[in-house]
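In: quick one, fold the following:
(3 chains)
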Amino acid sequence: MLAALTFHYQHLFEAELLDEIHAIGIVKTIPQGSSIMEIGAPILHMPLLLEGALKILREDENGEELLLYFLERGDTCAMTLSCCLGNSISEIKALAETDAKLILIPIQKMTEWMQKYSSWQEFILQSYQSRMKEMLEAIDTIAFLKMDERLLKYLQDKAMVNQEEFLTTTHQEIAYELHTSRVVISRLLKKLENEHKIQLHRNRIKVIAL
DNA sequence: ACATTAAGTGATT
DNA sequence: AATCACTTAATGT
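Out: Numbering: from 1, shown residues only, chains lettered A, B, ... in the order given. Presented below is the predicted three-dimensional model:
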């Protein structure tokens, strides 16, 4: 595990900090599809993503989802960052998009390391900035893009984080994540297929327009 | 062969 | 873009 940690983070953190992370962090392997964080759950740890991808979702009172963005290797969660500045309850839901490997760091260490290591402070601030940017992008997508454009972007993002042109999913699942109905997704997918941007199969979509 | 689940489609709002 | 109602296709038992 130290190898993976060093490999992905050595250019960011000084050696002593890596040692501390190694000593304190808990490595966790998450199978695809399982939940990492639920809305309302207290945040006790800060995750550093070593391998795989997570998807971050918002949920309404009826349990209906809306995908915000994907996280990849080297990313951390903005929610955890903001929780240190006050409330410690999660406002979002995180699921493993692929099998993933995380290092969990107790949140007390976050503030401690902020003062101790400049590389940590830098990392936190930069993470915050890039999450904020991603959040704005998500808002733009939802507010300004039509459903067909949103769908294509979704397929491309999903293909990217999975590093796989074949997506194994159903129209119903996509509809759920984009917060629309299955019929709409089926129609738009059909349209994209006619435009030769994708190929449709049962439980499987090939993304051509990467 | 039958049941179940995924996907396609016309019509209506 | 959503919903209904229905059809067709694929897959599991």
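
In: around DNA strand C, pick out the residues from chain A.
Out: With C-beta under 7 Å from any atom of the strand as the criterion, chain A meets DNA strand C at residues A:146-148, A:179-181, A:183-184, A:188, A:202. For glycine as for every other residue, the C-beta is placed from the backbone atoms N, C-alpha and C.

In: can you do 6 Å?
Out: Taking C-beta under 6 Å from any atom of the strand as the contact definition, chain A meets DNA strand C at A:146-148, A:180-181, A:183-184, A:202.

In: in what helix or strand does A:I205 lie?
Out: A:I205 belongs to strand A:204-207 when assigned by DSSP states H and E.

In: my error: substitute A:Y176 in the last question.
Out: Taking DSSP H and E as the criterion, the element that holds A:Y176 is helix A:171-178.

In: list the buried residues of that helix.
Out: Within helix A:171-178, the residues that qualify as buried by neighbour count (16 or more other C-beta atoms under 10 Å) are A:171, A:174-178.

In: then stretch A:176-189?
Out: Taking 16+ other C-beta under 10 Å as the basis for neighbour counts, the residues of stretch A:176-189 that come out buried are A:176-178, A:180, A:184-185, A:188-189.

In: circling back to that earlier point, out of the residues of chain A next to DNA strand C, which touch DNA strand B?
Out: Answer for these near DNA strand B (C-beta under 6 Å from any atom of the strand): A:183, A:202.

In: quick one: the helices in chain A, in order.
Out: Here chain A has its helices, by DSSP state H, at A:2-9, A:15-24, A:78-83, A:107-116, A:118-144, A:147-162, A:171-178, A:182-194.

In: go through the buried residues of stretch A:176-189 and name the one nearest DNA strand B.
Out: Out of the buried residues of stretch A:176-189, the one with the shortest distance to DNA strand B is A:L189. That distance is 5.6 Å, counting by C-beta to the nearest atom of the strand.
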